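**Q** I would like to see how this sequence folds:
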Amino acid sequence: MAKIAPSILSADFGCLAKQLAACEAAGADWIHVDVMDGHFVPNITVGPLIVEAARRATRLPLDVHLMIAAPDRYVEAFVSAGADRITVHQEACPHLHRVVEQVRMLGASPGVALNPATPAEVLADILPYVDLVLIMTVNPGFGGQAYIPTSSAKVRRARELVGHIPSDARVELEVDGGIDARVAHEVVDAGATVLVAGSSVFRHPDGIAAAIAELRRAVMRAPNAR
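**A** Just a heads-up that it's a prediction; the model follows:
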């Protein structure tokens, strides 16, 4: 079953612990933390202190997505803060393999993310070294954006590449941006195994539990749900 990873980018930070507890009670699989620096993307969000706070508030794995320039400078701080997974952008890392190995050496699970205009084919040489591929299905920087329709074809290409890795290790294929019940079944059918959802979870009119249940039902409609 595809995993659901609520993104705290859309959470109410005034009651973050309460909202994380609600996600956990509703059956979320991971908590996604979007870190933005105002350089790599046009927004500034959170740092290691928020990851520390989230770590204290939930037992769920913390999936930290570094949308920042020079992520190698900050990987250690985020791992120390409690990150279980660290994903860096291919576009931000001229020495991507070195950063991926740094993440693993520090004890976290490494991932690589691609912006919408970056072709999936650039993954070929890094795939044997990562545990996760993140396909951005909006341009990174802000929550609440609409899903880019051509992303589904890119997810399929990424799934094909992942399928050719000469390894028994499972590489998660994550999607992030505009993910709600209307597109969840489409991206899972394309091969996604982790759905990041921010606005559709934390701003759902019926609350967090209803939002996650709605996503689960949508995922079950996908032919590749299991």
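
**Q** rest of the way, CA atoms for contacts and neighbours
**A** Will do.

**Q** Just the element for the closest residue to residue 53 other than its chain neighbours, please.
**A** Leaving aside its chain neighbours, residue 53 sits nearest to residue 17 (7.9 Å; criterion: C-alpha to C-alpha, 6 or more residues apart in numbering). In this structure, residue 17 sits in helix 16-25 according to DSSP states H and E.

**Q** Can you name every helix or strand that that helix contacts?
**A** The contact analysis (3 or more C-alpha pairs under 8 Å, 6 or more residues apart in numbering; DSSP states H and E) places helix 16-25 against helix 48-57, helix 208-220.

**Q** Quick check: buried residues in it?
**A** 16, 17, 19, 20, 21, 22, 23, 24 (16 or more other C-alpha atoms under 10 Å).

**Q** buried set for whichever strand or helix holds residue 80?
**A** For residue 80, the host element (DSSP H and E) is helix 75-81. Judged by neighbour count (16+ other C-alpha under 10 Å), helix 75-81 contains these buried residues: 75, 76, 78, 79, 81.

**Q** Grab the nearest non-local neighbour of the first one.
**A** Spatially, and ignoring its direct neighbours in sequence, residue 75 is nearest to residue 103 (6.6 Å; C-alpha to C-alpha, 6+ apart).

**Q** on that earlier part again, a markdown table please, covering the buried residues of helix 16-25 and showing pLDDT and distance to residue 49.
**A** Listed next are the buried residues of helix 16-25 as a markdown table, based on pLDDT from 0 to 100; distance: C-alpha to C-alpha, whole Å:
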| residue | pLDDT | distance to residue 49 |
| --- | --- | --- |
| 16 | 97 | 13 |
| 17 | 97 | 14 |
| 19 | 97 | 17 |
| 20 | 98 | 16 |
| 21 | 98 | 18 |
| 22 | 98 | 21 |
| 23 | 98 | 20 |
| 24 | 98 | 20 |
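
**Q** Residue 5: which of those residues is nearest?
**A** residue 23 (9.0 Å; C-alpha to C-alpha).

**Q** was I right about the closest one contacting residue 7?
**A** No - contact criterion C-alpha atoms under 8 Å: residue 23 and residue 7 do not qualify, at 10.2 Å.

**Q** Put the alpha carbons of the helix or strand following the helix holding residue 17 into CSV.
**A** The helix or strand immediately downstream of helix 16-25 is strand 31-36, counting by DSSP H and E. Output of strand 31-36 as CSV, limited to C-alpha atoms (Å, rounded to 0.1, in the frame of the first residue of the first chain):
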residue,chain,number,x,y,z
ILE,A,31,5.9,13.1,8.4
HIS,A,32,7.3,15.2,5.6
VAL,A,33,9.3,18.3,6.5
ASP,A,34,9.9,20.9,3.7
VAL,A,35,13.0,22.9,4.4
MET,A,36,13.5,26.0,2.2
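
**Q** Quick one: the helices in this protein, in order.
**A** Ranges of helices in the chain, per DSSP state H, are 16-25, 48-57, 75-81, 96-105, 151-163, 181-190, 199-202, 208-220.
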